[in-house]
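Peer 1: Turn this into a model:
(2 chains)
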Amino acid sequence: MNDRQYIEKGLYEIFNEVNIVVAGEDDYPVLNKEIDSIQLISIIVEIEEKFNIEIPDEYLVADFLYDFKHVADVVEDILNTPTPDE
Amino acid sequence: MKCLIPIWKVTLITVYKIKKGRDTGIMNDNCKMLKPSLYNMLISKTDGMAVYNTKTGHMIRSFDERSSVVEQLLSSNNCFLVDESNDAIVKLHKLGFLIDNQYDELAEMESIEKSATFDNYLKLIILPTEYCNFRCVYCYEHFKRGKMSEEIQKAIIQSVEEQIEDYDGLVVNWFGGEPLEALDVIENLSLAFIRICKNHKKAYNAGISTNGYNLTVESVRFLKKLHVTEYQVTLDGIPAIHDMQRVLKDGSGTSERIIENLLNIKTKIKSSAITIVLRTNFSKNLMIHLDEFEELIDANFSDDKRFNFFWQMVGDYGYVQDDTVRNIFGTKYDYFYLVQHFTKRFENKYMSQLYGPVGSVCYALKRNAFVISSDGIIKKCTCDMESQENCFGEVGKYFDHDKHEIWLQRDISTNSKCYSCIKRPICHNKACYRTKDCLPNLTYIQNVLNLMSEKEKYYTVI
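Peer 2: As a prediction, the model looks like this:
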C-alpha cells in the first residue's frame, strides 16, 4: 500500500466512525450528508491523531471536508512538508 | 474559579450546521407567495443598509440605490409573488429574509421553546473535582466536594452508553473547581466516551473551563488526544488587576504563569482544531486600564485566529458570599461603555455565535444538557450548585423527569414583551433561569451587528 492509499484508507475509517459515508465518483468522492461543527472538529482531531500531524488554519477552507480528495491532499501535503526540526 | 455571571460560562461548544438547511419556511417550492420574516433586523449604513436575520443568523448588505429596493421588499406588510427573474427576491428567499407566506414563524418559535432541545447532542458539563487551586475574590463556589470517585465515573459511563443511541453525539465540558486538578478522571471518562461514540458511530467533542494555571503545552497535547479542543481561560485584565482578583489559595498572583502558558500554546501548537476563549470578567478595577489591556491582547494574541475574546461584567446575580466584593461589580452602564468604546472586542467568531440563533439560550434550560457534580448529583445550572431547586437526580440511581419538565417550561405568553421580540430566536426567553429580563449582552446587539456589517466575511451582498 503506497502512502496515498494509506492516507485514503485512514480517512475512510475516520469518516465511517462518525457515520459519514464517502460516496460519489471514484476519482472525486464527496461526503454524502451535511456535517455539523461537532463532527467537523471530531474528524479533524482524529485525522491529526491518526497521521500524527497538525492541520494549520490556512488549510481549513469553508468546505474542507466536502471534498475527500482535498482532505487527502492536505494530509499528504502536511506529511511531506519537513518540520522545522528536520 | 467561577465568576458571578450566570450566562455563557461554560457553553463553549455550540453546534451549528456547516451547511444550513432545515424547514424554516424557506425554499418551499410549492409556495409562490412570500412575506418578510418577523426576525429581520435592519441596520442603516451610510453607504446603504445591512439586515440581520436572528432566526437564521444570515446577514446581508446592499449598497446605494439597491438598498431602497431591498428595504421595500423587507418592510412590506403585503405578500408578493416569487419572481424568479428578480435576483434580490431569490437571494432574500434563499437566505430566509423572505419566507413562504403561509409559514407561521411564531408557531415555529413556540414549538422550539416547548421542545427545549435546540440540537440533538447529549451535553454534559462534568465536574471531575470541585477542588480548586485558586481563590478568586468573586467566586461563588463552596469547594465542598473533592475528586469524583471511580464508582461515579462508572455510573456516568454506563449512563452515556445507555443514552447515546438517542443522540447525534456527545459534547462534554470539563468544569470544576479546577478540572485540571483531576486530569486522571478526565482521561478515564474521555477514553470511555470516545470508545462509546466510535462504537455507536457518533461524534464526540469536548471543551474545558480552566483557570489556565496548569494549562501547559504538554497538557493541551494530552487533552487534544482526548478530544478536548475548546479551552476557556480567564484573564481578568492587565496583570496588576488579574492578580488582585484571581489568586492562588495563598493569595499570590497568577497572571504571569497563565500568560506564559497561553503564549507557549500559541507558539508550539499549530492545530486549527484548538480554540481558546480568553474570558475577561470586567470589574470596576479594570475600567480605567482598558487601553493597557487592549495593548496586552494585541501584542500577544490578536494575530492568532484561534484566540477569541469574551468580555463580561462582574456582577451580583444572587450568588455573592462576601459583601465586600460588591465594590468591584460593574453596572449595565459600564458594560455599555465597553461595547461602545471597544466594539471590536465583541466581534469575533465566538461572540457572533452568541448573537446567532439560539446563541443566548443557557445550557441549563436545554432539555439535552446536564451538569454532573463530582458527587454524581445531576443538576442543570453550574452557578446555583447548592440549591435543591437545581438537583434533578443522581447518576445511575434516579432522575426526576417531572421536576426537569417544569424547569424547562418558560412559556412566552402572547402579551409578553418576548412574544414579538425580534431577538426571540436568539434567547427564547431562556438566557437564564433566574431572570426573565433581557440580558445586557442582547440590549447592545445593534452595536455589534453594526460592526459585523463592516466585514465581508459576515454578510452576503444583495
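
Peer 1: ok, B:Asn300 - contacts?
Peer 2: B:259, B:262-263, B:266 (CB atoms under 8 Å, 6 or more residues apart in numbering or on different chains). Any C-beta I mention is one placed from the backbone N, CA and C, and that applies to glycine too.

Peer 1: quick one: which of these is nearest chain A?
Peer 2: B:Lys266 (12.0 Å; CB to the nearest CB).

Peer 1: element containing A:Ile43?
Peer 2: helix A:37-51 (DSSP states H and E).

Peer 1: just B:Leu42 next, same as before
Peer 2: Element membership for B:Leu42 (DSSP H and E) is strand B:40-45.

Peer 1: what's the following helix or strand after that strand?
Peer 2: Counting by DSSP H and E, what follows strand B:40-45 is strand B:48-53.

Peer 1: For chain A, which residue gets nearest to chain B?
Peer 2: For chain A, CB to the nearest CB, closest residue to chain B: A:Asn19, 3.7 Å.

Peer 1: Give me the pLDDT for that residue.
Peer 2: pLDDT, A:Asn19: 80.

Peer 1: That one touches B:Lys202, doesn't it?
Peer 2: Yes: at 7.3 Å, A:Asn19 counts as touching B:Lys202 under the criterion of CB atoms under 8 Å.

Peer 1: higher neighbour count, those two?
Peer 2: Taking other CB atoms under 10 Å in any protein chain shown, A:Asn19 and B:Lys202 do not tie; B:Lys202 has more neighbours (23 against 14).

Peer 1: From B:Lys154, how far off is the more buried one?
Peer 2: Distance of B:Lys202 to B:Lys154, given as CB to CB, to the nearest Å: 20 Å.

Peer 1: secondary structure element for the residue nearest the centre of chain A?
Peer 2: With distances taken as CA atoms, centre = their mean, A:Val71 lies nearest the centre of chain A, 3.8 Å away. Using DSSP H and E, A:Val71 sits within helix A:68-80.

Peer 1: now that helix against helix A:37-51, angle please.
Peer 2: Using axes from the mean of the first three to the mean of the last three CA atoms, to 10 degrees, one finds that helix A:68-80 and helix A:37-51 are set 40 degrees apart in direction.

Peer 1: Rebuild the contacts of B:Asn300 as JSON lines, extending it with neighbour count and secondary structure.
Peer 2: Putting those into JSON lines (neighbours: other CB atoms under 10 Å in any protein chain shown; DSSP: H, G, I helix; E, B strand; the rest coil) gives the following:
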{"residue": "B:Ile259", "neighbour count": "18", "secondary structure": "helix"}
{"residue": "B:Leu262", "neighbour count": "21", "secondary structure": "helix"}
{"residue": "B:Leu263", "neighbour count": "13", "secondary structure": "helix"}
{"residue": "B:Lys266", "neighbour count": "18", "secondary structure": "helix"}
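
Peer 1: Name the nearest residue to B:Lys198, sequence neighbours excluded.
Peer 2: In space, B:Lys198 comes closest to A:Glu17 once its chain neighbours are excluded; the distance is 5.0 Å by CB to CB, 6 or more residues apart in numbering or on different chains.

Peer 1: Next up, the contacts around that neighbour.
Peer 2: The contact partners of A:Glu17, by CB under 8 Å, 6+ apart, come to A:46, B:198, B:201.

Peer 1: Distance check, B:Val90 against B:Asp83.
Peer 2: In terms of CB to CB, B:Val90 sits 8 Å off from B:Asp83.

Peer 1: and chain A, which of its residues are near chain B?
Peer 2: Residues of chain A lying near chain B by CB under 8 Å from any CB of the partner chain: A:16-19, A:34-42, A:44-45, A:48-49, A:54-57, A:59-60, A:62-63, A:65.

Peer 1: what secondary structure does the residue in the stretch 301-450 of chain B positioned nearest to chain A sit in?
Peer 2: Relative to chain A, the nearest point of the stretch 301-450 of chain B is B:Lys305 (5.8 Å; CB to the nearest CB). When classified by DSSP: H, G, I helix; E, B strand; the rest coil, B:Lys305 comes out as coil.

Peer 1: what's the neighbour count on the nearest residue to the residue of chain A closest to chain B once chain neighbours are set aside?
Peer 2: Nearest non-adjacent residue to A:Asn19, counting by CB to CB, 6+ apart: B:Lys201, 3.7 Å away. Neighbourhood size, B:Lys201 [other CB under 10 Å]: 14.

Peer 1: B:Lys201 in helix, strand or coil?
Peer 2: coil.

Peer 1: For it, list the residues it contacts.
Peer 2: A:16-19.

Peer 1: Can I get stretch B:120-132 in CSV? Just the C-alpha atoms.
Peer 2: Below are the C-alpha coordinates for stretch B:120-132, written out as CSV (Å, rounded to 0.1, in the frame of the first residue of the first chain):
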residue,chain,number,x,y,z
ASN,B,120,-29.6,16.6,19.2
TYR,B,121,-26.4,16.3,21.1
LEU,B,122,-26.2,14.9,24.7
LYS,B,123,-24.4,17.7,26.5
LEU,B,124,-22.7,17.0,29.8
ILE,B,125,-20.9,19.5,32.0
ILE,B,126,-18.9,17.3,34.2
LEU,B,127,-17.1,18.4,37.4
PRO,B,128,-14.3,15.9,37.8
THR,B,129,-13.4,17.7,41.0
GLU,B,130,-14.8,20.7,42.9
TYR,B,131,-11.4,21.4,44.4
CYS,B,132,-9.7,24.5,43.2
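
Peer 1: Could you give me the buried positions within that stretch?
Peer 2: For stretch B:120-132, the buried set under the neighbour-count rule, 16 or more other CB atoms under 10 Å in any protein chain shown, comprises B:121-132.

Peer 1: is any part of it close to chain A?
Peer 2: Yes: counting by CB under 8 Å from any CB, chain A has neighbours in stretch B:120-132: B:Tyr121.

Peer 1: mean confidence for that stretch?
Peer 2: The average of the pLDDT scores along stretch B:120-132 is 96.

Peer 1: Any idea how far it is from the middle of the chain?
Peer 2: With CA atoms, centre = their mean, to the nearest Å as the basis, stretch B:120-132 stands 15 Å off its chain's centre.

Peer 1: give me the low-pLDDT residue ranges for chain A?
Peer 2: For chain A, the stretches with pLDDT under 70 are A:1, A:23-33, A:61-62, A:83-86.

Peer 1: at 90 instead, please
Peer 2: A:1-3, A:12-13, A:15-40, A:56-71, A:81-86 (pLDDT under 90).

Peer 1: sec struct for the residue nearest to B:Met148 when sequence neighbours are not counted, please.
Peer 2: Nearest non-adjacent residue to B:Met148, counting by CB to CB, 6+ apart: B:Ser374, 4.4 Å away. Classification of B:Ser374 by three-state DSSP places it in coil.
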